[in-house]
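>>> Based on what follows, work out the 3D shape:
(2 chains)
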Number of protein chains: 2
Amino acid sequence: MSTPGITVYGYSTSGNCHKVRLLLEQLGRAYRWIEVDSSKGETRTPEFLDKNGNGRVPIVELDDGRVLAESNAILCWLADGDPAAGFLPVDAWQRAQALSWMFFEQYSHEPYIAVARFIRGWTPLDSPRRAAELPRCLERGHQALAVMERHLRGQAWFTGPAYGIADIALFAYTHVADHGGFELARYPNVRDWLARVRATPGFVAMPGPAADNAALLAASVLP
Amino acid sequence: MSTPGITVYGYSTSGNCHKVRLLLEQLGRAYRWIEVDSSKGETRTPEFLDKNGNGRVPIVELDDGRVLAESNAILCWLADGDPAAGFLPVDAWQRAQALSWMFFEQYSHEPYIAVARFIRGWTPLDSPRRAAELPRCLERGHQALAVMERHLRGQAWFTGPAYGIADIALFAYTHVADHGGFELARYPNVRDWLARVRATPGFVAMPGPAADNAALLAASVLP
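Reported below is the predicted structural model:
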């Protein structure tokens, strides 16, 4: 299936942005990608703020100029647009469970696991955020991983019986949790699930961090 | 319409929990409410963690024991179960916009506006969180209110053309933003929208804080 007319504004090494790329690739949809480096202020320009007043990527823009923001809302919209692909369950209860995991991801997971990665790889080694924020990120991030580990004891996926957008949402930052200082060896079910996600048809990997970010990650030590 | 069999576990003065009560009342659905005071650790008991491993309210439990967590996922499930009531648009794009605002609420609004309220009303006056966290809560919370103010310049509601669950989600903590130290006089469109929400059929107000919380709020000064 090929549906033209979608432009994604995204930062390729952002997990939130990669969610959208991964689903578009797995749906086989055509899209244009415009790179916007949020770490360099490119989401705070007047032009970008006209598209998303909240100043964040990813966003999706249609040919007529309409814009949709929030990575997980974009996943829902794309999955709803191609029900045969099965990325969002038809059953109302299972759909709600998928949404529940996606809200969990944005409230209890991303603010700690993604933020720890950002602080270690995208702020200077002498940033006060390292001492001020990393301990809490680690504590809360481990709590989130423990919740996932517990769920995966009995189930292969987060979206009901099959791989779907809740898995994509949670994969985004879990698979690079080591960047934030999280040791995934403590979570064998999570590790196995990451491998299952990587084996799904059409899977594409998120690009590695740029050289300066990789150097910061390598130099980072736990607080 | 009356559909029995829903039990809500919630803390009545929590905006996240009140979302669920408000929609259930406006849908005219029967439900049982079990009060769980999350501020006193009641969501961290083994019994509660068996229902929601993430240890948060609200949750909805069905008669057969199935549980749904995350306030905004519960709103979606309830609204989807009664499409004639019109709380979630049928149009796919508008549905996605509603979801987008609900993810905005949980990521860019609640962690600042609700947390500021919690710190001022639910932590001791000498809590280190007041100095450590309130300034950032205020900065980010005002950013979220400004995004809402901008949207409401051109539209009456957040969920497409009519009142719906995105409005309920955003109303929850915006209408008590003053508890966190936010002066809403700066946001006239937001204030007018709050009045429109209060005037919707079947609206029920959130209970005021308990006496000890109200005393802490009254004694709180801005950092």
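
>>> Surely A:Thr7 is in a strand?
Yes. Assessed with DSSP: H, G, I helix; E, B strand; the rest coil, A:Thr7 lies in a strand.

>>> so how many other residues sit close to it?
Using other Cβ atoms under 10 Å in any protein chain shown, A:Thr7 has 15 other residues around it. From N, CA and C alone the C-beta is placed, and that goes for glycine too.

>>> ditto for A:Thr123
That count, for A:Thr123 with other Cβ under 10 Å as the rule, works out to 16.

>>> likewise A:Val197?
A:Val197: 18 neighbours (other Cβ under 10 Å).

>>> Would you mind confirming that it makes contact with A:Asp167?
Yes. Here A:Val197 reaches A:Asp167: they are 5.7 Å apart, a contact under Cβ atoms under 8 Å.

>>> Show me what the top helix by length along chain A is packed against.
Criterion DSSP state H: the longest helix present in chain A is helix A:128-152. When contacts are defined as 3 or more Cβ pairs under 8 Å, 6 or more residues apart in numbering or on different chains; DSSP states H and E, helix A:128-152 packs onto helix A:110-122, helix A:165-174, helix A:188-198.

>>> can you redo those helices as TSV with mean pLDDT and distance to chain B?
Formatted as TSV, these follow (pLDDT from 0 to 100; distance: least, Cβ to the nearest Cβ, whole Å):
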stretch	mean pLDDT	distance to chain B
helix A:110-122	98	7
helix A:165-174	98	10
helix A:188-198	98	13
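
>>> hey, which of those is tucked in deepest?
Comparing the helices and strands packed on helix A:128-152 by mean neighbour count (mean count of other Cβ atoms under 10 Å in any protein chain shown), helix A:165-174 comes out on top with a mean of 27.

>>> between it and helix A:110-122, how big is the angle?
Between helix A:165-174 and helix A:110-122, the angle comes out at 40 degrees (axes from the mean of the first three to the mean of the last three Cα atoms, to 10 degrees).

>>> between helix A:165-174 and helix A:188-198, how big is the angle?
Using the same axes, to 10 degrees, helix A:165-174 lies at 110 degrees relative to helix A:188-198.

>>> quick check, distance from the strand or helix carrying A:Ile74 to the centre of its chain.
Per DSSP states H and E, A:Ile74 falls inside helix A:71-80. Here helix A:71-80 is found 12 Å from its chain centre; the criterion is Cα atoms, centre = their mean, to the nearest Å.

>>> Averaged pLDDT, it. What do you get?
For helix A:71-80, mean pLDDT is 98.

>>> looking just at contacts, which helices and strands does it meet?
With contacts taken as 3+ Cβ pairs under 8 Å, 6+ apart, helix A:71-80 sits against helix A:15-27, strand A:59-62, helix A:92-104, helix A:165-174, helix B:92-104.

>>> contacting residues around the first one?
Under the contact criterion Cβ atoms under 8 Å, 6 or more residues apart in numbering or on different chains, helix A:15-27 has outside partners A:1, A:6, A:8, A:10-12, A:31, A:33, A:56-58, A:60, A:71-72, A:74-75, A:78-79, A:82, A:85, A:87, A:110, A:114, A:165, A:168-169, A:171-173, A:176, A:200-204, A:206.

>>> Going through those, which ones are buried?
Of the members of the contacts of helix A:15-27, the ones counted as buried by neighbours, 16 or more other Cβ atoms under 10 Å in any protein chain shown, are A:6, A:8, A:10-12, A:31, A:33, A:56-58, A:60, A:71-72, A:74-75, A:78-79, A:82, A:85, A:87, A:110, A:114, A:165, A:168-169, A:171-173, A:176, A:200, A:206.

>>> In chain A, where is pLDDT below threshold?
Applying pLDDT under 70 to chain A flags residues A:1-4, A:222-223.

>>> got the domain boundaries for it?
Following automatic domain parsing, one gets these domains for chain A: A:6-85, A:92-219.

>>> now these as JSON lines including distance to B:Ser39?
Formatted as JSON lines, these follow (distance: least, Cβ to Cβ, whole Å):
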{"stretch": "domain A:6-85", "distance to B:Ser39": "28"}
{"stretch": "domain A:92-219", "distance to B:Ser39": "18"}
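
>>> who wins for proximity to B:Glu139 among those domains?
Minimum separation from B:Glu139 across those (Cβ to Cβ) falls at domain A:6-85, 13.6 Å.

>>> before we move on, the earlier item: now for the domains of chain A, which one comes closest to B:Ile119?
Per Cβ to Cβ, nearest to B:Ile119 of those: domain A:92-219, 14.3 Å.

>>> so who does A:Arg186 touch?
Contacts of A:Arg186 (Cβ under 8 Å, 6+ apart): A:Leu145.

>>> Now with 6 Å, please.
A:Arg186 makes no contacts at all, as judged by Cβ atoms under 6 Å, 6 or more residues apart in numbering or on different chains.

>>> just A:Gly121 next, same as before
Counted by Cβ under 6 Å, 6+ apart, A:Gly121 has contacts A:His179, A:Pro209, A:Asn213, A:Leu216, A:Leu217.

>>> before we move on, the earlier item: tell me which of the helices and strands packed on helix A:71-80 is the most buried.
Looking across these with neighbours counted as mean count of other Cβ under 10 Å, the highest average goes to helix A:165-174: a mean of 27.

>>> list the helices and strands that helix packs on?
Helices and strands touching helix A:165-174, by 3 or more Cβ pairs under 6 Å, 6 or more residues apart in numbering or on different chains; DSSP states H and E, are helix A:15-27, helix A:71-80, helix A:92-104, helix A:110-122.

>>> and the angle from the first one to helix A:110-122?
So that's helix A:15-27. Interaxial angle, helix A:15-27 versus helix A:110-122 (the same axes, to 10 degrees): 100 degrees.

>>> Quick check: what element follows helix A:15-27 along the chain?
Once the chain leaves helix A:15-27, the next helix or strand it forms, by DSSP H and E, is strand A:32-35.
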